[in-house]
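Chemist: sequence below, structure please.
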Amino acid sequence: MTRLRPRTLRGQLTLGLVVLLAAIFVGVGIGTTTLLHSFLVTRLDQQLTAAGPRYAQSLEHELAAADTRGQTQGTFGARAADNVITQDGVVDGTSMTGDNTGQVNLSAADTRALLALPTDGSPHTLCLAALGEYRLRAVKGADGDFLFTGLPLSPVSATVRELATAEFALFGGAVVAAALGGAAWVRLALRPLDRVATTAERVSTMSLASGEVALDVRVPDAERHDEVGRVGASLNRMLGHVGDALARRQAVERRLRDFAADAGHELRTPLAAVRGHAELALRRGDEIPPDALHALTRIEAESRRMGTIVDDLLLLARLDAGRPLESTEVDLTLLVLNAVDDAQAADLAKAGDGVTADGTADATADGTADGTAEVTAALTRHEWRLDLPTDPVTVPGDPHRLAQAVANFVTNARVHTPAGTRVTVGISVHADRVRLAVEDTGPGLAPDLTDRVFDRFTRGDPARSRASGSTGLGLAITRAVAEAHGGRVGVISEPGRTVFELVLPMRSAT
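Modeler: Okay, the predicted model is just below:
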């Protein structure tokens, strides 16, 4: 039933109008034919009562002497005595056997039906196998016999059938004309609603997520005083409110970007000065007391970390402002190789933190050696794997920003997974898209962190992140870079498997 229903409101209204009109016509047709049938049967009963049993009485004599004067053609008469039909006949009729004697060959069932008729003189409908449907009345004769007189119902049925045929043709044409005219009228009446729907569809295709949006689309029929006019006016007011809200949001975003950019530029100078003075003082480390040397070392390290945060904030502000990026053909395969090479070097540097110049491990507090440098390195390294196509994969974009995005993914897997974790970096091409995936076998993300891992200043373990120098902006920068290139980022995480993916649009290399 749902498949047969039109999908448009115009089609539903037209279908409803046609169905309603057809139901009315069917009701009118049934009513008129019923009334006509009842009227004709009543007239037939009056004619039957007026004729009386005269024809049936005359059958008591020879058939040739039967009194048929004033009898309607097809009048049936029969006489019964001692529950036996003794005589029967039809006025100017032809029996079912084809003879013209006027006699009727009644079957046993017809005989039983006739003998069962009430003798109250009221007409009753009876279907005789030899003659068809008849209106029959039975009366008791003067000498104790029973007289049956009947008139055929075939003229009544023929008249009713002709009326039904005429009504079907007339009403069918009226329904077709109403369907065509109703469709045209509904289409004309719903034209303003179509314009409302067109306006809503145009608004739905606009990108309202970010940036400056000129929401100047309005419904043209808002001045009407009907339901469509009220809907259009309400939609226009709503669009006005949405436009004001978008303008305010854009103004706030612009002020925040300007603030971040201005604050970053203003912080760069004092940070450079602090870092420079700290490095200058550290050059005279042999003349500085140990506690002051430690404080200067921490000042220099934290100034470096704060400088990194300022640089990341400035980059995000530029990406948020929608400033155009450089667009060249970038070898994504080479970026992956470089990022993994840097990560392996960082792994080796971390592994060598506990190794002395002679190749043995640092001594413990009691002066004994923990083991060889190779054992220490093996315990602190990751297992790196590559899954790359045979041919280089190129994408259009900014090589520096894409390199930063890839490096953020790889560094994130190295820093936030324990030693011994297997990290697989792969590239796959799907139609016009390139997918870069960094998969690790670490413990995975917390369930409440998966949905906001690409938000700014999001850290899985704040204490550990600060100790390792993480700013919580790396993945946010990766997402901003991906969106600036028309791509997207995503994450799938479960215990023992975490996949970060970067999807970028691809075109053939020139």
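
Chemist: all contacts plus neighbour counts: C-alpha atoms, from now on.
Modeler: Will do.

Chemist: the domain parsing of this structure - what is it?
Modeler: 1-63+73-189, 208-323, 324-357+371-510 (automatic domain parsing).

Chemist: need those domains in JSON lines with mean pLDDT, can you?
Modeler: Listed next are the domains of the chain as JSON lines, based on pLDDT from 0 to 100:
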{"stretch": "domain 1-63+73-189", "mean pLDDT": "85"}
{"stretch": "domain 208-323", "mean pLDDT": "77"}
{"stretch": "domain 324-357+371-510", "mean pLDDT": "81"}
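
Chemist: what's the closest of these to Val196?
Modeler: domain 208-323 (5.7 Å; C-alpha to C-alpha).

Chemist: and the end-to-end length of the closest one?
Modeler: Domain 208-323 stretches 18 Å from its first residue to its last (C-alpha to C-alpha, to the nearest Å).

Chemist: residue contacts, Pro396?
Modeler: Contacts here follow C-alpha atoms under 8 Å, 6 or more residues apart in numbering; on that basis Pro396 touches Ser327, Thr328, Glu329, Val330, Pro505, Met506, Arg507.

Chemist: do the same with Leu334
Modeler: Contacts of Leu334 (C-alpha under 8 Å, 6+ apart): Pro392.

Chemist: over to Glu439?
Modeler: Glu439 neighbours (C-alpha under 8 Å, 6+ apart): Ala413, Val423, Thr424, Val425, Arg497, Thr498, Val499, Phe500.

Chemist: the fourth one belongs to a strand, doesn't it?
Modeler: Yes - applying DSSP: H, G, I helix; E, B strand; the rest coil, one finds Val425 inside a strand.

Chemist: looking at it, it is touching Arg435, isn't it?
Modeler: No - using C-alpha atoms under 8 Å, Val425 is not in contact with Arg435, being 10.7 Å away.

Chemist: wait, which of the domains of the chain is closest to Ala197?
Modeler: Among the domains of the chain, the nearest to Ala197 by C-alpha to C-alpha is domain 208-323 (9.0 Å).

Chemist: of the contacts of Pro396, buried ones?
Modeler: For the contacts of Pro396, a burial check counting by 16 or more other C-alpha atoms under 10 Å picks out Glu329, Val330, Pro505, Met506.

Chemist: I'd assumed the first one was in a strand, is it?
Modeler: Think Glu329. Yes - with three-state DSSP as the criterion, Glu329 is part of a strand.

Chemist: leaving out sequence neighbours, find the closest residue to it.
Modeler: Pro396 (4.7 Å; C-alpha to C-alpha, 6 or more residues apart in numbering).

Chemist: on that earlier part again, let me know the closest of the buried ones among the contacts of Pro396 to Arg268.
Modeler: Val330 (30.5 Å).

Chemist: correct me, but that closest one touches His400?
Modeler: No - in this structure Val330 lies outside contact range of His400 using C-alpha under 8 Å: 9.4 Å.

Chemist: can you tell me which helix in this protein is longest?
Modeler: helix 227-282 (DSSP state H).

Chemist: what's that helix packed up against?
Modeler: Helix 227-282 sits against helix 191-204, helix 290-320, with contacts defined as 3 or more C-alpha pairs under 8 Å, 6 or more residues apart in numbering; DSSP states H and E.

Chemist: name the stretch among these that sits most buried.
Modeler: helix 290-320 (a mean of 17; mean count of other C-alpha atoms under 10 Å).

Chemist: now the angle from that one to helix 227-282?
Modeler: 150 degrees (axes from the mean of the first three to the mean of the last three C-alpha atoms, to 10 degrees).

Chemist: which elements pack onto helix 290-320?
Modeler: Helix 290-320 sits against helix 227-282, helix 474-484, with contacts defined as 3+ C-alpha pairs under 8 Å, 6+ apart.

Chemist: kindly reformat those helices as CSV containing mean neighbour count and distance to Leu36.
Modeler: Compiled in CSV, those are given as follows (neighbours: other C-alpha atoms under 10 Å; distance: least, C-alpha to C-alpha, whole Å):
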stretch, mean neighbour count, distance to Leu36
helix 227-282, 16, 46
helix 474-484, 22, 79
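
Chemist: contacting residues for Ala179?
Modeler: Counting by C-alpha under 8 Å, 6+ apart, Ala179 makes contact with Thr14, Leu15, Leu17, Val18.

Chemist: ok, Pro443 next?
Modeler: Pro443 neighbours (C-alpha under 8 Å, 6+ apart): Thr417, Glu494, Pro495, Gly496, Arg497.

Chemist: confirm it sits in a helix?
Modeler: No - the assignment for Pro443 (three-state DSSP) gives coil, which keeps it out of a helix.

Chemist: how far away is it from Thr417?
Modeler: 7 Å.

Chemist: same deal with Ala51?
Modeler: Taken as C-alpha to C-alpha, the span from Ala51 to Thr417 is 113 Å.

Chemist: what of Glu162?
Modeler: 91 Å.

Chemist: more crowded one of these two?
Modeler: The neighbour count for Glu162 versus Thr417, taken as other C-alpha atoms under 10 Å, is higher for Thr417 (17 against 12).

Chemist: and the gap between Thr86 and Phe148?
Modeler: From Thr86 to Phe148 the distance is 11 Å (C-alpha to C-alpha).

Chemist: and for the two, which residues touch both?
Modeler: Ala78, Arg79.

Chemist: neighbour count: those two, which is higher?
Modeler: The neighbour count for Thr86 versus Phe148, taken as other C-alpha under 10 Å, is higher for Phe148 (28 against 13).

Chemist: and the strands in the stretch 1-150 of the chain?
Modeler: Using DSSP state E, counting those that start in this stretch, the strands of the stretch 1-150 of the chain run over residues 76-81, 84-90, 124-128, 132-140, 146-152.

Chemist: can you spell out which helices and strands pack onto the last one?
Modeler: Going back to what we said before, that points to strand 146-152. Here strand 146-152 touches helix 9-51, helix 54-58, strand 76-81, strand 132-140, going by 3+ C-alpha pairs under 8 Å, 6+ apart.

Chemist: what angle do it and strand 84-90 make?
Modeler: Interaxial angle of strand 146-152 relative to strand 84-90 (the same axes, to 10 degrees): 30 degrees.

Chemist: which outside residues touch strand 146-152?
Modeler: By C-alpha under 8 Å, 6+ apart, strand 146-152 touches 44, 48, 52-53, 55-57, 72, 74-81, 114, 119, 132-141.

Chemist: do the longest one as well
Modeler: Applying C-alpha under 8 Å, 6+ apart, the contact partners of strand 132-140 are 44-45, 48, 53, 117-128, 146-154.
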